[in-house]
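A.B. asks: Provided below are the primary sequence and the corresponding predicted coordinates.
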Amino acid sequence: MTEAQPAPAPRPLPPVLLLGVPGAGKGTQAKRLSLRYHIPHLSTGDIFREMAHAESDLAKRVWNDMRQGNLVSDDLVCQVVAERLQRDDCRSGYILDGFPRTLPQARWLMQFLESGPRAAARVIVIYLTVGYNDLYRRLLGRRSCPACGRIYNDFTQPPRHAGVCDLDQSPLVQRKDDDPAVIRERLSAYEQQTLPLVEFFRGRGSLLELSGGEAVDRVTGRLFAAIEQAAPESPAAGAL
């Protein structure tokens, strides 16, 4: 099994939500799911960056908050996500990576999916779990290519040549928020604000819990299997 195994013909897939602590591998796995099922991988960070040069009132409000160093409010984040989910490329499904982050966002999303303009009959919520020690190593060792966005890890997924991207030979960089002190702060914030989402979706009976601490390809295979079991009419069903 490899990351380059797209499905043969796209059919609608329920919305897929990936939850997990920072460093659990949501971004890496979301990219693989996107390729497999021909659906967009959406994260609020990427959406905000796309809005950087937009002239809409919504974009201006988002970037005004960000330039002032403020957290973008739940209400504004939900408006941004609503606009993105109504685009044509989301008609056959999409992967939400790291959204929702708070209970108000989760409640809004479920209402949007149940009765909004892009309503869905069901949703697949996958919680990737990783032990604290493994997670700490992942974050400390994480490196990314500033040119192509490919993610590496000094401990678990190193490049062929240290410090250099396999694809375009660009020097790899470390994110500022992967500093040890920042890591502790991020994990604490996750436990206080985002972990309750797990109980929220578990209470709705829509949560699938998978270990994200294994080899990347093994986690990918289990994600494919979980999605295809939850949505047997998915485009790659039976094609593991």
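C.D. replies: Good, I have the coordinates.
A.B. asks: The residue nearest to residue 154 when sequence neighbours are not counted and residue 223, how far apart?
C.D. replies: Counting by Cβ to Cβ, 6 or more residues apart in numbering, the nearest residue to residue 154 once its immediate chain neighbours are dropped is residue 141, at 3.7 Å. C-betas here are computed from N, CA, C, even on glycine. Residue 141 sits 22 Å away from residue 223, taking Cβ to Cβ, to the nearest Å as the criterion.
A.B. asks: Between the two, which has more neighbouring residues?
C.D. replies: Of the pair residue 141 and residue 223, residue 223 is the one with more neighbours under other Cβ atoms under 10 Å, namely 24 against 17.
A.B. asks: tell me which element the more buried one is part of?
C.D. replies: According to DSSP states H and E, residue 223 maps onto helix 216-230.
A.B. asks: can you give me the mean pLDDT across that helix?
C.D. replies: Averaged over helix 216-230, pLDDT sits at 91.
A.B. asks: Skip the chain neighbours and tell me the closest residue to residue 138.
C.D. replies: In space, not counting the residues next to it along the chain, residue 138 is nearest to residue 23; the distance is 4.4 Å by Cβ to Cβ, 6+ apart.
A.B. asks: thinking the one you found is in contact with residue 142, fair?
C.D. replies: Yes. Using Cβ atoms under 8 Å, residue 23 makes contact with residue 142 at a distance of 6.8 Å.
A.B. asks: Residue 46 in helix, strand or coil?
C.D. replies: In terms of secondary structure, residue 46 is helix; the call rests on DSSP: H, G, I helix; E, B strand; the rest coil.
A.B. asks: Model confidence score at it, please.
C.D. replies: You'll see residue 46 listed with a pLDDT of 87.
A.B. asks: so how many other residues sit close to it?
C.D. replies: Neighbourhood size, residue 46 [other Cβ under 10 Å]: 16.
A.B. asks: What ranges does this protein have for its helices?
C.D. replies: Along the chain, the segments classed as helices by DSSP state H run 26-37, 44-50, 57-67, 74-85, 103-115, 132-141, 180-189, 196-203, 216-230.
A.B. asks: Can you lay out these as JSON lines showing distance to residue 171?
C.D. replies: Compiled in JSON lines, these are given as follows (distance: least, Cβ to Cβ, whole Å):
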{"stretch": "helix 26-37", "distance to residue 171": "20"}
{"stretch": "helix 44-50", "distance to residue 171": "21"}
{"stretch": "helix 57-67", "distance to residue 171": "27"}
{"stretch": "helix 74-85", "distance to residue 171": "32"}
{"stretch": "helix 103-115", "distance to residue 171": "36"}
{"stretch": "helix 132-141", "distance to residue 171": "16"}
{"stretch": "helix 180-189", "distance to residue 171": "21"}
{"stretch": "helix 196-203", "distance to residue 171": "36"}
{"stretch": "helix 216-230", "distance to residue 171": "23"}
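A.B. asks: Looking at the ones you listed, spot the one closest to residue 14.
C.D. replies: When these are ranked by proximity to residue 14, the top entry is helix 216-230, at 7.5 Å, counting by Cβ to Cβ.
A.B. asks: Spatially, what comes nearest to residue 231 if we skip its sequence neighbours?
C.D. replies: residue 14 (5.3 Å).
A.B. asks: What score does the one you found have for pLDDT?
C.D. replies: In this model, residue 14 is scored at 91, pLDDT.
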